[in-house]
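[1] show me how the following folds:
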Amino acid sequence: MWRDGLFYKLIGKVAKPIWRILYNYYNLSKIVVKYDGQLSEILDCTEKIGALLNGLNLSIIAYCDDIIILSPFYGHTMRLLEDCFKFEKEWKMEFNPRKSASLTMTKSGVNCQEKFVIYNVQLFNVDAVL
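    Purely as a prediction, here's the structure:
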(Lines give C-alpha, C1' and ligand atoms only; values in the text may rest on other atoms or scores of the structure.)
Protein backbone atom coordinates (compact mmCIF):
# COMPACT_ATOMS: atom_id res chain seq x y z
CA MET A 1 0.00 0.00 0.00
CA TRP A 2 1.25 3.47 -0.85
CA ARG A 3 0.91 5.09 2.57
CA ASP A 4 1.83 8.62 1.57
CA GLY A 5 -0.86 8.53 -1.12
CA LEU A 6 -3.41 7.14 1.32
CA PHE A 7 -2.70 9.82 3.90
CA TYR A 8 -2.85 12.52 1.23
CA LYS A 9 -6.32 11.26 0.25
CA LEU A 10 -7.44 11.39 3.90
CA ILE A 11 -6.60 15.11 4.29
CA GLY A 12 -9.88 16.96 4.75
CA LYS A 13 -11.85 13.68 5.02
CA VAL A 14 -11.09 12.99 8.70
CA ALA A 15 -10.51 15.38 11.59
CA LYS A 16 -6.92 16.69 11.80
CA PRO A 17 -6.21 15.12 15.23
CA ILE A 18 -7.41 11.72 13.98
CA TRP A 19 -5.33 12.11 10.81
CA ARG A 20 -2.22 12.87 12.89
CA ILE A 21 -2.84 9.88 15.17
CA LEU A 22 -3.17 7.54 12.19
CA TYR A 23 -0.18 9.05 10.39
CA ASN A 24 2.06 8.79 13.45
CA TYR A 25 0.78 5.30 14.30
CA TYR A 26 1.77 3.98 10.89
CA ASN A 27 5.04 5.91 10.66
CA LEU A 28 6.19 4.88 14.15
CA SER A 29 4.97 1.26 14.05
CA LYS A 30 7.49 -1.48 14.78
CA ILE A 31 7.09 -5.23 14.45
CA VAL A 32 8.63 -8.36 15.89
CA VAL A 33 8.34 -11.72 14.17
CA LYS A 34 7.89 -14.80 16.33
CA TYR A 35 8.81 -18.11 14.71
CA ASP A 36 9.29 -21.42 16.49
CA GLY A 37 9.38 -19.64 19.85
CA GLN A 38 12.15 -17.24 18.79
CA LEU A 39 11.67 -13.47 18.47
CA SER A 40 13.33 -11.44 15.74
CA GLU A 41 14.96 -8.10 16.31
CA ILE A 42 12.62 -5.09 16.29
CA LEU A 43 11.91 -4.02 12.71
CA ASP A 44 10.43 -0.87 11.22
CA CYS A 45 7.02 -1.59 9.75
CA THR A 46 7.23 -0.38 6.16
CA GLU A 47 5.21 -0.75 2.99
CA LYS A 48 7.47 -3.56 1.79
CA ILE A 49 6.86 -5.88 4.75
CA GLY A 50 4.33 -8.59 4.06
CA ALA A 51 3.69 -12.21 3.32
CA LEU A 52 3.83 -13.12 -0.37
CA LEU A 53 2.77 -16.55 -1.57
CA ASN A 54 2.94 -17.13 -5.32
CA GLY A 55 2.65 -13.37 -5.87
CA LEU A 56 -0.43 -13.09 -3.63
CA ASN A 57 -0.10 -10.65 -0.71
CA LEU A 58 -1.40 -12.38 2.41
CA SER A 59 -0.29 -9.72 4.90
CA ILE A 60 -3.81 -8.70 5.86
CA ILE A 61 -4.33 -12.04 7.57
CA ALA A 62 -2.18 -10.78 10.45
CA TYR A 63 -4.62 -7.94 11.05
CA CYS A 64 -7.98 -9.56 10.34
CA ASP A 65 -9.08 -9.59 13.97
CA ASP A 66 -7.66 -6.24 15.10
CA ILE A 67 -9.80 -3.12 15.14
CA ILE A 68 -8.78 0.38 16.15
CA ILE A 69 -11.64 2.79 16.75
CA LEU A 70 -10.67 6.47 16.77
CA SER A 71 -13.10 9.20 17.67
CA PRO A 72 -12.86 12.69 19.16
CA PHE A 73 -15.83 12.06 21.49
CA TYR A 74 -16.96 9.32 23.88
CA GLY A 75 -20.46 9.23 22.37
CA HIS A 76 -19.06 8.78 18.86
CA THR A 77 -16.85 5.96 20.08
CA MET A 78 -19.84 4.19 21.62
CA ARG A 79 -21.77 4.59 18.35
CA LEU A 80 -18.87 3.04 16.43
CA LEU A 81 -18.73 0.17 18.93
CA GLU A 82 -22.47 -0.39 18.42
CA ASP A 83 -21.88 -0.53 14.66
CA CYS A 84 -19.17 -3.13 15.26
CA PHE A 85 -21.59 -5.20 17.35
CA LYS A 86 -24.17 -5.11 14.55
CA PHE A 87 -21.52 -6.20 12.04
CA GLU A 88 -20.38 -8.93 14.42
CA LYS A 89 -23.87 -10.38 14.74
CA GLU A 90 -24.59 -10.13 11.01
CA TRP A 91 -21.39 -12.00 10.12
CA LYS A 92 -21.50 -14.46 13.05
CA MET A 93 -18.32 -13.14 14.61
CA GLU A 94 -17.45 -12.85 18.29
CA PHE A 95 -15.61 -10.02 20.02
CA ASN A 96 -13.70 -10.94 23.14
CA PRO A 97 -13.83 -8.00 25.57
CA ARG A 98 -11.07 -9.56 27.68
CA LYS A 99 -8.69 -9.17 24.72
CA SER A 100 -9.70 -5.52 24.22
CA ALA A 101 -8.42 -2.29 25.72
CA SER A 102 -9.13 1.42 25.60
CA LEU A 103 -6.78 4.39 25.42
CA THR A 104 -8.09 7.89 26.07
CA MET A 105 -6.10 11.01 25.23
CA THR A 106 -7.03 14.61 25.98
CA LYS A 107 -5.35 17.94 25.26
CA SER A 108 -5.57 18.88 28.92
CA GLY A 109 -4.04 15.62 30.11
CA VAL A 110 -7.04 15.03 32.38
CA ASN A 111 -8.14 11.41 32.22
CA CYS A 112 -11.56 10.73 30.79
CA GLN A 113 -13.91 9.30 33.42
CA GLU A 114 -16.06 7.51 30.86
CA LYS A 115 -15.70 3.74 30.75
CA PHE A 116 -16.05 1.48 27.75
CA VAL A 117 -18.07 -1.68 28.35
CA ILE A 118 -18.53 -4.60 25.96
CA TYR A 119 -20.98 -7.35 26.95
CA ASN A 120 -21.02 -6.15 30.57
CA VAL A 121 -17.22 -6.30 30.75
CA GLN A 122 -15.39 -3.02 31.33
CA LEU A 123 -12.43 -2.65 28.99
CA PHE A 124 -9.00 -2.34 30.53
CA ASN A 125 -7.71 1.23 30.12
CA VAL A 126 -4.08 1.57 28.99
CA ASP A 127 -1.77 4.59 29.27
CA ALA A 128 0.15 4.17 26.00
CA VAL A 129 0.53 2.16 22.82
CA LEU A 130 3.83 0.36 22.32
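[2] domains of the protein?
    According to automatic domain parsing, the chain comprises the domains 1-64, 71-130.
[3] mean pLDDT lowest where, among the ones you listed?
    The minimum mean pLDDT among the domains of the chain belongs to domain 1-64 (a mean of 75).
[4] before we move on, back to that, any chance of the domains of the chain in CSV with mean neighbour count as columns?
    (C-beta placed from N, C-alpha, C; glycine too.) Formatted as CSV, these follow (neighbours: other CB atoms under 10 Å):
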stretch, mean neighbour count
domain 1-64, 11
domain 71-130, 11
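[5] could you say which helix or strand holds the spatially most central residue of the chain?
    In the chain, the residue lying closest to the centroid (CA atoms, centre = their mean) is Ile68, at 2.8 Å. Following DSSP states H and E, one finds Ile68 outside all helices and strands.
[6] and the residue nearest to it when sequence neighbours are not counted, what are its phi and psi?
    Using CB to CB, 6 or more residues apart in numbering and skipping the chain neighbours, the partner closest in space to Ile68 is Tyr25 (7.8 Å). Dihedral pair for Tyr25: phi -60, psi -50, per degrees, to the nearest 10.
[7] cool, thanks, talk later.
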